[in-house]
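A.B. asks: The following block contains a protein sequence and its predicted model.
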Amino acid sequence: MSSLQGYVDRRVLLILQDGRAIVGTMAGYDQKSNVVLADCKERVYSTDEGVEEVPLGLYLVKGDMVVLIGEIDEALDAAVDLSTIHAEPIPPIRY
């Protein structure tokens, strides 16, 4: 991964190899792209119910598990009613 410095202290979304979507404030990272997220939540998607947010608190994600990191526009994210979103969960990556 290229430099993650621009994401520190910002709200980000991580998509992991096992299909999980984690949202939190990036507190730090290291040379192996391991990521520390503060005040984070896992967003669990379902076709039957809306998106459930499971609080995780302070969370360490191994760099080799990260598929995607993106900054979240906090105003847009706050405007979205997650309970109205119905979606298939992201399947895990298979090698």
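C.D. replies: Thanks, I have the structure now. Numbering: from 1, shown residues only.
A.B. asks: hey, where'd the strands end up in this protein?
C.D. replies: 11-16, 21-29, 35-44, 52-61, 66-71 (DSSP state E).
A.B. asks: how about the ones you listed in CSV, adding mean pLDDT?
C.D. replies: Shown next, in CSV, are these (pLDDT from 0 to 100):
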stretch, mean pLDDT
strand 11-16, 97
strand 21-29, 97
strand 35-44, 97
strand 52-61, 96
strand 66-71, 95
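A.B. asks: With mean neighbour count as new columns, can the ones you listed be given to me in a markdown table?
C.D. replies: Heads up, the C-betas are built off the backbone N, CA and C, glycines and all. Shown next, in a markdown table, are the strands of the chain (neighbours: other Cβ atoms under 10 Å):
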| stretch | mean neighbour count |
| --- | --- |
| strand 11-16 | 18 |
| strand 21-29 | 19 |
| strand 35-44 | 18 |
| strand 52-61 | 13 |
| strand 66-71 | 14 |
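A.B. asks: and Q5, which of those strands is closest to it?
C.D. replies: Closest approach to Q5 among those (Cβ to Cβ): strand 21-29, 8.2 Å.
A.B. asks: picking that back up, would you turn the strands of the chain into CSV with distance to I85?
C.D. replies: What follows is these, written out as CSV (distance: least, Cβ to Cβ, whole Å):
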stretch, distance to I85
strand 11-16, 14
strand 21-29, 12
strand 35-44, 9
strand 52-61, 11
strand 66-71, 17
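A.B. asks: which residue sits closest to the spatially most central residue of the chain, ignoring its sequence neighbours?
C.D. replies: In the chain, the C-alpha nearest the mean C-alpha coordinate belongs to I22, at 2.5 Å (Cα atoms, centre = their mean). For I22, ignoring the flanking residues on the chain, the nearest one in space by Cβ to Cβ, 6 or more residues apart in numbering is L14 at 4.5 Å.
A.B. asks: and if you look at H86?
C.D. replies: That would be T47: by Cβ to Cβ, 6+ apart, it lies 5.4 Å from H86.
A.B. asks: ok, L56 - contacts?
C.D. replies: Contacts for L56 (Cβ atoms under 8 Å, 6 or more residues apart in numbering) come out as 22, 24, 37, 40-42.
A.B. asks: Oops, could you answer that again for S83 instead?
C.D. replies: Per Cβ under 8 Å, 6+ apart, neighbours of S83: 50-51.
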